[in-house]
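# Give me the fold of what follows.
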Amino acid sequence: MAWHPEHKKNSKNRILTSAANLFSQHGYDKVSIDDVMGAAQLTRGAFYSHFKSKSELYSKALIHTAKLRANQANDSYDAEDIRQFYLADEHVNAEHAGCPLAFLVSDISHRDEQVRATYTAVLNNILTKLENTGLTRTAAIHQALMMIATVAVSRAITDESLKEELLTVGRQSPQHE
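Okay, here's the model as predicted:
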């Protein structure tokens with residue numbers, strides 16, 4: 001008897017969520033298909049009914065994470081709202097599946113073309129979202145880079161005082177000096 005279509009969809013979502021969480025915590029190289037499937041509480045054999053390779057899973061997990069994060073944001077957000085949402089403590093301190101632009105930035109450059117193209121698409125998506133708030137392309141790029149770098153660096157350092165300083169500056173409206 002075949003599985004109900006909802007079962008397959010739910011299984012795929014469990015795999016993607018597990019993969020996104022594990023990849024954001026450990027990076028691509030330290031996560032196996034068995035790790036992902038175990039976290040999803042599914043068998044390794046089920047993996048191949050959804051994905052051809054670990055690289056494809058990684059690429060799809062990037063998209064899955066970005067969509068989850070985007071769904072948490074309000075479509076009526078302006079550029080200021082987007083910055084505050086992105087730099088919120090809950091996102092910066094998240095243990096699982098934050099924005100792949102910041103959480104996986106150093107890992108992505110070592111991946112294949114498919115994964116890097118997916119990362120590029122996620123970046124272009126946030127740039128478009130920022131442009132749709134009325135920012136110029138240049139201003140959107142500046143804001144995206146500032147947000148991504150602020151989260152990535154804040155997550156990497158051990159000095160809590162410096163981390164708070166970075167986040168405070170990042171959350172402020174851009175100033176022309």
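
# Check the protein for its longest helix and report it.
Among the elements of the chain assigned as helix by DSSP state H, the one spanning the most residues is helix 5-26.

# Off-centre distance for the lowest-mean-pLDDT helix or strand in the chain?
Least confident helix or strand of the chain, by mean pLDDT, DSSP states H and E, is helix 100-103 with a mean of 82. How far helix 100-103 lies from its chain's middle: 5 Å, per CA atoms, centre = their mean, to the nearest Å.

# how about that helix as CSV, C-alpha atoms only?
Extracted in CSV, the C-alpha atoms of helix 100-103 (Å, rounded to 0.1, in the frame of the first residue of the first chain):
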residue,chain,number,x,y,z
PRO,A,100,21.9,30.4,6.0
LEU,A,101,23.4,33.6,4.7
ALA,A,102,25.0,34.3,8.1
PHE,A,103,25.0,30.8,9.7
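
# Remind me what that helix packs against, helices and strands.
Other helices and strands packing on helix 100-103, by 3 or more CB pairs under 8 Å, 6 or more residues apart in numbering; DSSP states H and E, are helix 5-26, helix 54-72, helix 113-131, helix 137-156. No exception for glycine: its C-beta is placed from N, CA and C like everyone else's.

# Going by neighbour count, which residues of that helix are buried?
By neighbour count on 16 or more other CB atoms under 10 Å, the buried set for helix 100-103 is 100-103.

# Touching it from outside, list them.
Helix 100-103 is contacted from outside by 20, 24, 61-62, 65-66, 94, 97, 108, 119, 122-123, 126, 144, 147-149, 151-152, 155, using CB atoms under 8 Å, 6 or more residues apart in numbering.

# If we use 7 Å, what do you get?
24, 62, 65-66, 119, 122-123, 126, 148, 151-152 (CB atoms under 7 Å, 6 or more residues apart in numbering).

# could you dump those residues to a markdown table with neighbour count, pLDDT and distance to residue 52?
Shown next, in a markdown table, are those (neighbours: other CB atoms under 10 Å; pLDDT from 0 to 100; distance: CB to CB, whole Å):
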| residue | neighbour count | pLDDT | distance to residue 52 |
| --- | --- | --- | --- |
| 24 | 24 | 85 | 22 |
| 62 | 27 | 90 | 16 |
| 65 | 26 | 85 | 20 |
| 66 | 22 | 83 | 21 |
| 119 | 23 | 91 | 19 |
| 122 | 22 | 91 | 21 |
| 123 | 18 | 94 | 24 |
| 126 | 21 | 91 | 27 |
| 148 | 18 | 94 | 29 |
| 151 | 26 | 92 | 31 |
| 152 | 17 | 91 | 30 |
